[in-house]
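Colleague: Just the structure for this:
(chains A, B, C and D)
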Protein chains: 2
Amino acid sequence: MKQAKISEAVVKRLPVYLQVLNELQFRDILTISSQALGMKLDLNPAQIRKDLAYFGEFGRKGIGYDVAYLSEKIREILKVDRKINVALVGAGNLGHALCNYNRYSKDSMKITAVFDTNPTKIDTKINHLLVLPITELKHKINEQDIKIGIITVPAPEAQKVANQFVEAGVKGILNFAPTVIRVPEEVRIHHADFTKELLSLAYYLHREGEESDESIVD
Amino acid sequence: MKQAKISEAVVKRLPVYLQVLNELQFRDILTISSQALGMKLDLNPAQIRKDLAYFGEFGRKGIGYDVAYLSEKIREILKVDRKINVALVGAGNLGHALCNYNRYSKDSMKITAVFDTNPTKIDTKINHLLVLPITELKHKINEQDIKIGIITVPAPEAQKVANQFVEAGVKGILNFAPTVIRVPEEVRIHHADFTKELLSLAYYLHREGEESDESIVD
DNA sequence: TAGATTGTTAATCGATTAACAATC
DNA sequence: TAGATTGTTAATCGATTAACAATC
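Modeller: Presented below is the predicted three-dimensional model:
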């Protein structure tokens, strides 16, 4: 097994592969080629093979990839082959949605602690989870050995929550607030900002009566 | 004004610029340099200047960019300088969250039609919006000239909803379901899949007692 | 065996960054 | 004017794709 510097683009494709593999497994499909996988995902087969080859030799020449085996291997690579506790701050609508779903990657990741500042929300229950005051954050995060935090508070509060997460020892943050957040270098921050996706969608809408943006003019 | 083929990476950075500019405007900051903007976003200043230069000359040498003017210009580029109606299918927790927020890009984008298949949800109200039966989809989408659709149904139903959107004339889809969806070439699909972000976050977590993945071994 | 498909190297393509003349 | 900063070209870097020997 060889290890090289793996680009973020590669890592972000792994969950997508996993998603398709899970679907195939559900449909009792045992084997898939990079070709077929590429078709499903609009991805170049060579890219898929190369992505996987960074982590090992998972396929069989002439045959393709064993769906169950590859799925298992990708889970190992992503380190979601074990239980991971996650904390969430912000028991609003979005927080509720995430807690109610709460079956991330075959239950390996679970939101196990929810916090809010609003006294009317504290001590209410979301799907068997008690909403705790934010003052409990550090204590609970230590107790449950939590390394991942989710932020679902309004934008103006997001940075403060991020700071508290970092202070408590969280190493990865998923931010849903539509704002830029700064964290120390050693902490990883991912943005789940659908505003970005929504606005960029508007860019690609070509309405009648307008010049096309596709035209190349110098 | 010159037009060249604009890469998706560039387009997806525009909403991020917009976000920061809005924040600056709120704080009554009138001007910002690519340098300062780059600091805020961990982006190379040259990249920011180049991104903007694709669309026109918005800055002033020696001065920087006028915050209000650039913000306005980016809104024009993204075409969110006008009212855009959006449809949403799936009045679950996530759908609720999106409808309750419903102030995307300074109110220019608004969810104006919500659908569900579940009879117990139909005719309920979410933030002044009546949940309609999915059978009304095509009619309402035509009536309101909707070109963007949001999918917040469970994964197994997502493809079906996408097909209905396409059939109704929707040109851009934002999919929140953690599954791969296929649409015709002329329809644009963006994924707001936080599962991807969450799983890839786990990859970057370095737990004690494990070899580092950063080491380069041949 | 013949056909299929991997893992991997080399070639290509595209995106990011550095550098700098123009100019506020 | 001197200092700052843009817009843009050229250089660099990295990611994607093509091609193919190895082999199931």
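Colleague: Got the phi and psi for whatever residue of chain A ends up closest to DNA strand D?
Modeller: Per CB to the nearest atom of the strand, residue A:62 is where chain A lies closest to DNA strand D, at 2.0 Å. C-beta coordinates here come from the backbone N, C-alpha and C atoms, glycine included. Residue A:62 adopts backbone torsions of phi 80, psi -10, taken as degrees, to the nearest 10.
Colleague: Now do the domain split for chain A, please.
Modeller: A:8-77, A:84-198 (automatic domain parsing).
Colleague: The residue of chain A closest to DNA strand D: what's it in contact with?
Modeller: Listed by CB atoms under 8 Å, 6 or more residues apart in numbering or on different chains, residue A:62 has no contact partners.
Colleague: Out of the domains of chain A, indicate the one that is most buried.
Modeller: Of the domains of chain A, the one with the most neighbours on average (mean count of other CB atoms under 10 Å in any protein chain shown) is domain A:84-198, at a mean of 19.
Colleague: Next, see if it gets close to DNA strand C.
Modeller: No. Domain A:84-198 does not reach DNA strand C (CB under 7 Å from any atom of the strand); its nearest approach is 14.4 Å.
Colleague: so how far is the first residue of that domain from its last?
Modeller: 30 Å (CA to CA, to the nearest Å).
Colleague: Please name the nearest non-neighbouring residue to residue A:170.
Modeller: Closest residue to residue A:170 apart from its sequence neighbours, by CB to CB, 6 or more residues apart in numbering or on different chains: residue A:149 at 4.3 Å.
Colleague: The one helix or strand that neighbour maps to pairs with which strands, parallel or anti?
Modeller: Using DSSP states H and E, residue A:149 maps to strand A:148-151. With DSSP bridges as the criterion, the sheet partners recorded for strand A:148-151 are strand A:84-89 (parallel), strand A:172-175 (parallel).
Colleague: I'd like those strands laid out as JSON lines, including mean pLDDT.
Modeller: Putting these into JSON lines (pLDDT from 0 to 100) gives the following:
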{"stretch": "strand A:84-89", "mean pLDDT": "97"}
{"stretch": "strand A:172-175", "mean pLDDT": "98"}
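Colleague: rewinding a little: nearest to residue B:27, out of the domains of chain A?
Modeller: Residue B:27 lies closest, by CB to CB, to one member of the domains of chain A: domain A:84-198, at 11.6 Å.
Colleague: I figured residue A:132 was touching residue A:118, is that so?
Modeller: No. Contact between residue A:132 and residue A:118 fails when scored by CB atoms under 8 Å: they sit 11.9 Å apart.
Colleague: Would you state the strands of chain A in chain order?
Modeller: Counting by DSSP state E, chain A has strands at residues A:31-32, A:59-60, A:64-66, A:84-89, A:109-116, A:125-126, A:129-133, A:148-151, A:172-175, A:188-191.
Colleague: Dump these to TSV, plus distance to residue B:87.
Modeller: Listed next are the strands of chain A as TSV, based on distance: least, CB to CB, whole Å:
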stretch	distance to residue B:87
strand A:31-32	34
strand A:59-60	42
strand A:64-66	38
strand A:84-89	28
strand A:109-116	29
strand A:125-126	28
strand A:129-133	32
strand A:148-151	27
strand A:172-175	27
strand A:188-191	25
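Colleague: Out of those, which is closest to residue B:110?
Modeller: Closest among those, using CB to CB: strand A:188-191, at 22.8 Å.
Colleague: Which neighbours in the sheet does the closest one have, and how are they oriented?
Modeller: strand A:172-175 (parallel).
Colleague: Low-confidence ranges, chain A, go.
Modeller: A:1-4, A:207-218 (pLDDT under 70).
Colleague: one more time with 50, if that's ok
Modeller: Counting by pLDDT under 50, chain A has low-confidence residues at A:1-2, A:209, A:211-218.
Colleague: Please enumerate the helices of it.
Modeller: A:8-26, A:34-41, A:45-53, A:67-78, A:93-101, A:137-143, A:155-168, A:194-203 (DSSP state H).
Colleague: Of these, which is nearest residue B:123?
Modeller: Nearest of the helices of chain A (CB to CB): helix A:93-101, 20.1 Å.
Colleague: relative to strand A:129-133, how tilted is the closest one?
Modeller: 140 degrees (axes from the mean of the first three to the mean of the last three CA atoms, to 10 degrees).
Colleague: touching chain B at all, helix A:93-101?
Modeller: Yes. Using CB under 8 Å from any CB of the partner chain, helix A:93-101 reaches chain B at A:93-94, A:96-98, A:100-101.
Colleague: How about stretch A:67-80?
Modeller: Yes. Contact between stretch A:67-80 and chain B, assessed by CB under 8 Å from any CB, occurs at A:77-80.
Colleague: how close does the closest residue to residue A:81 other than its chain neighbours get to DNA strand C?
Modeller: Of all residues not flanking residue A:81 in the chain, residue A:75 sits nearest, at 4.3 Å (CB to CB, 6+ apart). Noted for residue A:75: a distance of 17 Å to DNA strand C, by CB to the nearest atom of the strand, to the nearest Å.
Colleague: Was I right to think residue A:75 contacts residue A:105?
Modeller: Yes. Applying CB under 8 Å as the test, residue A:75 and residue A:105 come out as touching, 7.2 Å apart.
Colleague: Within range of DNA strand D, give me the residues from chain A.
Modeller: A:7-10, A:43-44, A:46-47, A:49-50, A:60-63.
Colleague: Taking these, tell me the two that lie furthest apart.
Modeller: Pairwise distances across those (CB to CB) peak at 32.2 Å, for the pair A:8 and A:62.
Colleague: re the thing from before, relative to residue B:162, which of the strands paired with strand A:148-151 is closest?
Modeller: strand A:172-175 (25.2 Å).
Colleague: Grab the CA positions of that closest one and hand them over as PDB.
Modeller: Below are the C-alpha coordinates for strand A:172-175, written out as PDB (Å, rounded to 0.1, in the frame of the first residue of the first chain):
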ATOM      1  CA  GLY A 172     -13.400  19.100  12.200                       C
ATOM      2  CA  ILE A 173     -16.300  21.500  11.700                       C
ATOM      3  CA  LEU A 174     -19.100  21.400   9.300                       C
ATOM      4  CA  ASN A 175     -20.600  24.900   8.900                       C
END
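Colleague: Show residues contacting that strand.
Modeller: A:147-151, A:158, A:162, A:165-166, A:181, A:183, A:187-193, B:194, B:197-198, B:201-202, B:204-205.
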